[in-house]
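Visitor: I'll drop the sequence and a predicted model, then ask my questions.
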Amino acid sequence: MQLFRLAYRNFFRNTRRSIISGISVALAITAIIVMRSYISGIFENISGNIVRLISGHIRITTTEYERRERMIPLSESLELTPQFYEALPEEGIALTSPRIKFGVLLGEEELNIPALGYAIHPEKERDIAALNKRLIGGSYINSGERAAIIGSGLAERLEVTIGDTLTIITRTAYDSPTGMNLLVKGIFHIGIGGMDRSLFYIPLDVGQELLDLEDRATEFVILVNDPNDAIDIARVIRARFDLSVVPFQHNPLLRYVNTANVVFSLFYLVVLLVACSTIANTMLMIVFERTKEIGMMKALGLTNLSIVGLLTIEAGIIGTLGSAMGTILGGLLSYWLKYQGIDISMASSSSSADMPFGPIIYLEPTPLIILAGFLFGLLITIVVALLPISRVTKLEPAKALKTI
């Protein structure tokens, strides 16, 4: 207890230097907490868009379709038989929906532009992709209608508006040419440039008729009650079918984000080490300034361990105050940006359909991120400070007392 009292008094022997050291740690901890919350927000943003717009919590396709997906092989489609639905697990699944993805030439009169179409079950997709809530004009499609809703960017490229007629030119599952006239019933805006510039949606039954895929679909998406159960439910489904069953956690893009998070963790460490170098400098100056004082303490019988402990506690006080200040500032800023969000519409407008993020990133701070920031700051502060503090063990009392 006496060491704590003495260390507390020493903290105020050079208040300005102690405060500057504490502020450098506080700024580093603030930056780390905000950045970790931002990366977590990006992960939630991308995973949410993957679930809603691409794969659901679980995506089922044939193995060959999964392997050749970029070629969109319609012949490798799923048979949506009663036996298929009966074999799905009864527990944990909230919603299922078949989809058909197909490439087309889309246009009006002489203008034809490559685009990507999805034939969807309109009623079910209200609860998955929520495209009806993304409309900026017109109305949503219904089953049986030879109509489409198209992305805002695609509408601009085609120079069409609501009420116009588009002509689809594509090939069936049997590689025969086919086409259809569609009414532009609505225009949607997702905020992801690659999707808004290339996607359109039509009713599933119309798509099956167009592509010769009666009672078939290229993919089957599942929403589960608890996203954390997606991997286990996918494992159960995989055991019952000879199909590709992929939970959203195994999406390559999410794995990339997780890898990037590890890289950023190393970056956080470097930032904190640079910030804590001020504490190392402070403790080094303290050792030089108090060399005579340290020699006197040794002459009076204090052990190296006691002196090192005293200086470590002093560094710990600076680290604790700095980390606490940084934790408070970082937490407040992160939670404010959690509700305010960061507009990245310029970046998301230029992103591809394979990189579904944006247009607003909402930070995702957690108590664990904030607590880890505080403990990380305190630990690194003490570790960095121990290097100059360890010099006191090499001081000889007689020589130290002669120091001017």
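Guide: It's in.

Visitor: which residues of the stretch 151-300 of the chain fall in strands?
Guide: For the stretch 151-300 of the chain, the strands defined by DSSP state E, counting those that start in this stretch cover 165-171, 177-188, 199-203, 216-217, 219-224, 244-247.

Visitor: for Ala26, which of these is the nearest?
Guide: strand 244-247 (40.4 Å; C-beta to C-beta). (Each C-beta comes from the backbone N, C-alpha and C, glycine too.)

Visitor: what mean pLDDT would you report for the closest one?
Guide: The average pLDDT for strand 244-247 rounds to 92.

Visitor: that strand pairs with which strands?
Guide: strand 58-61 (antiparallel) (DSSP bridges).

Visitor: which is the succeeding secondary structure element to the strand it pairs with?
Guide: Counting by DSSP states H and E, the next helix or strand C-terminal to strand 58-61 is helix 63-67.

Visitor: okay, and the beta partners of Phe102?
Guide: Bridge pairing for Phe102 - DSSP bridges - gives Gly117.

Visitor: can I assume it is in contact with Gly117?
Guide: Yes. Under the criterion of C-beta atoms under 8 Å, Phe102 makes contact with Gly117 at 5.1 Å.

Visitor: now do the shared contacts for these two.
Guide: 170, 207 (C-beta atoms under 8 Å, 6 or more residues apart in numbering).

Visitor: who has more neighbours, those two?
Guide: Gly117 (25 against 22; other C-beta atoms under 10 Å).

Visitor: any low-confidence regions in the stretch 201-350 of the chain?
Guide: Within the stretch 201-350 of the chain, the stretches with pLDDT under 70 are 275-276, 283-284, 286-295, 298, 300, 302, 344-350.

Visitor: what residues go with each domain of this structure?
Guide: 2-50+254-401, 63-242 (automatic domain parsing).

Visitor: among those, which comes closest to Gly56?
Guide: domain 63-242 (3.2 Å).

Visitor: gap between that closest one and the chain center?
Guide: 25 Å (C-alpha atoms, centre = their mean, to the nearest Å).

Visitor: re earlier: how about JSON lines for the domains of the chain, with distance to His57 added?
Guide: Supplementary listing: those in JSON lines, determined by distance: least, C-beta to C-beta, whole Å:
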{"stretch": "domain 2-50+254-401", "distance to His57": "10"}
{"stretch": "domain 63-242", "distance to His57": "4"}
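
Visitor: now render the strands of the stretch 151-300 of the chain as CSV, adding mean neighbour count and distance to Thr96.
Guide: Shown next, in CSV, are those (neighbours: other C-beta atoms under 10 Å; distance: least, C-beta to C-beta, whole Å):
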stretch, mean neighbour count, distance to Thr96
strand 165-171, 18, 26
strand 177-188, 18, 23
strand 199-203, 24, 17
strand 216-217, 21, 11
strand 219-224, 24, 5
strand 244-247, 20, 13
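
Visitor: can you put the ones you listed in CSV and add distance to Gly330?
Guide: As requested, the strands of the stretch 151-300 of the chain are exported to CSV (distance: least, C-beta to C-beta, whole Å):
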stretch, distance to Gly330
strand 165-171, 50
strand 177-188, 37
strand 199-203, 38
strand 216-217, 47
strand 219-224, 34
strand 244-247, 32
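
Visitor: Ile149: which of the ones you listed is closest?
Guide: By C-beta to C-beta (comparing all of these), the closest turns out to be strand 177-188, at 3.9 Å.

Visitor: list the buried residues in the helix or strand where Ser37 lies.
Guide: Ser37 is part of helix 15-49 when elements are defined by DSSP H and E. Using 16 or more other C-beta atoms under 10 Å as the test for burial, helix 15-49 gives 18, 20-43, 45-47, 49.

Visitor: and stretch 85-105, by the same measure?
Guide: Buried, per 16+ other C-beta under 10 Å, within stretch 85-105: 88, 92-93, 96-102, 104.

Visitor: tell me, how many residues neighbour Val263?
Guide: Val263: 8 neighbours (other C-beta under 10 Å).

Visitor: let's number from 7 now, not from 1
Guide: Sure thing, new numbering starts at 7, so read that last one as Val269.

Visitor: and the gap between it and Ile45?
Guide: Per C-beta to C-beta, to the nearest Å, Val269 is found 10 Å from Ile45.

Visitor: mind listing the shared neighbours of these two?
Guide: Common neighbours of Val269 and Ile45 (C-beta under 8 Å, 6+ apart) do not exist.

Visitor: quick one: the nearest residue to Arg222 once chain neighbours are set aside and Leu343, what's the gap?
Guide: Counting by C-beta to C-beta, 6 or more residues apart in numbering, Arg222 lies nearest to Ser83, which is 4.3 Å off, once chain neighbours are set aside. According to C-beta to C-beta, Ser83 stands 44 Å off from Leu343.

Visitor: which one's more surrounded, these two?
Guide: Between Ser83 and Leu343, counted using other C-beta under 10 Å, the more crowded position is Ser83 (22 against 19).

Visitor: what does the pLDDT read for the more buried one?
Guide: For Ser83, the pLDDT comes out at 92.

Visitor: which residues touch it?
Guide: Applying C-beta under 8 Å, 6+ apart, the residues contacting Ser83 are 68, 71, 106, 179, 219, 222-224.
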